[in-house]
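Trainee: here's a sequence, model it:
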Amino acid sequence: MTTLAISRRNLLLSAGAATIAAPFLGKGARAATTLRYGHMHTPNSIAGEQAQWFADAVREKTGGELDIQIFPNSQLGKLQELAEAVSTGSIAFSHNTAGAIGSLYEPFAAFDTPYLYRDIDHLMKVTDVESPVMKDLNQGLVDASGTRALYAFYFGTRNLTADRAAKAPADLAGVKIRSIPFPIYMATVEGLGGVPVPVDWSEVPTALATGVVNGQENPMNVLVSAKLYEVQSHLMLTGHITAAQVVMMNDGVWNDLSDTHKEALATAAAQTRTRASEAMLSSEASDLEVLRGHGMTVLDAGNGLDLGAFRQAVQARVASEFDSQFGDLYAKIAAVA
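Mentor: The predicted structure follows:
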């Protein structure tokens, strides 16, 4: 089992917060503060569940004085809108891909570079707030947008799905593949051989069902929770991005919190990071069997998937655009032991 250790003290020091905070009086004599957390995932996904776990932990640790309300399924906006909403302070929290957060501070997108990490342990060490890489990028994010990464949890390994078999990049020539609408994902889809079509997550199931796009890429837990097996027949285990979702928080409300509330928030964040990451790790094998059980054809190296061809093509395409921009950062990531 992967060890997911994190220092609560360092998490506290690197956390930030924000939102329009609405105080109200409950049955207890003390006022409570309501903070909004918006995200794009379904409540039954691990990404969705971890938001509620965090909210529950914060409520318990503050005796109800901080009440985090969760708004799933893109109720408060799409990917870009959610990132901007945390920056402006219209919501306190959101979780998002590092690539999307790169729209606020460009170097952050480097965390979602394909085939970047040696393994999941390496990913978790790099995205831990103790990591020198994360500390540097987090400060840049604060300076650029007024938001910080509060914590990052393992989101799974992204694989390709389509309405047809694709054993090598050449099989996807001219095939429209949904892409997260940010540059590093668009380049990744091109490397996989497809034509990237930017579609917000909230629109993906419909886009697949109507043929606007023929495929997409996501971790297996997302495929299960969103029932994408209903609109996709083939799963290719390309494993092209091992990713963390990053929980963002704006500085404003964080700076207004008492030290006691900051301590409680940081403790809840550390606990949720570990819980969510372990849940995702343990779900991956069973999720794959669920997808098989729903009739998806799974391609891997054992039945014809040319993983080397996918890796080579993706790495070449991404390097051509991003090595000059992120090369020094990639070296720092590689140096994290």
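Trainee: contact partners for the residue positioned nearest the centre of the chain?
Mentor: Ranked by distance to the mean C-alpha position of the chain (C-alpha atoms, centre = their mean), the top residue is Gln245 at 2.4 Å. Gln245 is in contact with 47, 95-97, 152-153, 155, counting by C-beta atoms under 8 Å, 6 or more residues apart in numbering. Glycine gets a C-beta too; all of them are placed from N, C-alpha and C.
Trainee: let's see which of the residues you listed end up in helices.
Mentor: Counting by DSSP state H, the part of the contacts of Gln245 found in helices is Ala47.
Trainee: now, which of the contacts of Gln245 sits nearest Ser145?
Mentor: Minimum distance to Ser145 across these is 12.0 Å, recorded for Asn96 (C-beta to C-beta).
Trainee: returning to what we had before: which of the three states applies to the residue nearest to the centre of the chain?
Mentor: strand (DSSP: H, G, I helix; E, B strand; the rest coil).
Trainee: bridge partners for it, pull those for me.
Mentor: Beta-bridge pairing of Gln245 under DSSP bridges involves Thr97, Phe153.
Trainee: can you name the element that comes right after the top helix by length along the chain?
Mentor: Longest helix of the chain, by residue count under DSSP H: helix 259-293. Using DSSP states H and E, the helix or strand that follows helix 259-293 in sequence is strand 297-299.
Trainee: and the next helix or strand past that next one?
Mentor: Criterion used, DSSP H and E; the element after strand 297-299 is helix 307-335.
Trainee: can you give me the mean pLDDT across that next one?
Mentor: On average, the pLDDT along helix 307-335 is 97.
Trainee: what's the answer for stretch 182-189, then?
Mentor: What stretch 182-189 shows for mean pLDDT is 96.
Trainee: with just CA atoms, put it into PDB.
Mentor: Output in PDB follows, covering the C-alpha atoms of stretch 182-189 (Å, rounded to 0.1, in the frame of the first residue of the first chain):
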ATOM      1  CA  PHE A 182      -6.400  23.600 -21.300                       C
ATOM      2  CA  PRO A 183      -3.200  23.400 -23.300                       C
ATOM      3  CA  ILE A 184      -1.400  20.500 -21.700                       C
ATOM      4  CA  TYR A 185      -4.400  18.200 -22.100                       C
ATOM      5  CA  MET A 186      -5.000  19.300 -25.700                       C
ATOM      6  CA  ALA A 187      -1.400  18.400 -26.500                       C
ATOM      7  CA  THR A 188      -1.800  15.100 -24.700                       C
ATOM      8  CA  VAL A 189      -4.800  14.100 -26.800                       C
END
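Trainee: I'd like the distance from it to the chain centre, please.
Mentor: 15 Å (C-alpha atoms, centre = their mean, to the nearest Å).
Trainee: report pLDDT for Ala285.
Mentor: pLDDT, Ala285: 84.
Trainee: would you quantify the distance from it to Phe71?
Mentor: In this view, Ala285 and Phe71 are 31 Å apart by C-beta to C-beta, to the nearest Å.
Trainee: those two: which has the busier surroundings?
Mentor: Phe71 (16 against 10; other C-beta atoms under 10 Å).
Trainee: tell me the bridge partners for that one.
Mentor: Beta-bridge partners of Phe71, as defined by DSSP bridges: Gly38.
Trainee: contacting residues around it?
Mentor: Phe71 makes contact with 36-39, 91, according to C-beta under 8 Å, 6+ apart.
Trainee: contact partners for the residue lying closest to Ala316 once chain neighbours are set aside?
Mentor: What sits nearest to Ala316 in space, not counting adjacent residues and going by C-beta to C-beta, 6 or more residues apart in numbering, is Gly191, at 6.9 Å. For Gly191, the contacting residues are 114, 169, 240, 310, 313-318, by C-beta under 8 Å, 6+ apart.
Trainee: about what we covered before: if you rank the contacts of Phe71 by neighbours, which is first?
Mentor: Greatest neighbour count in the contacts of Phe71, by other C-beta under 10 Å, goes to His39: 29 neighbours.
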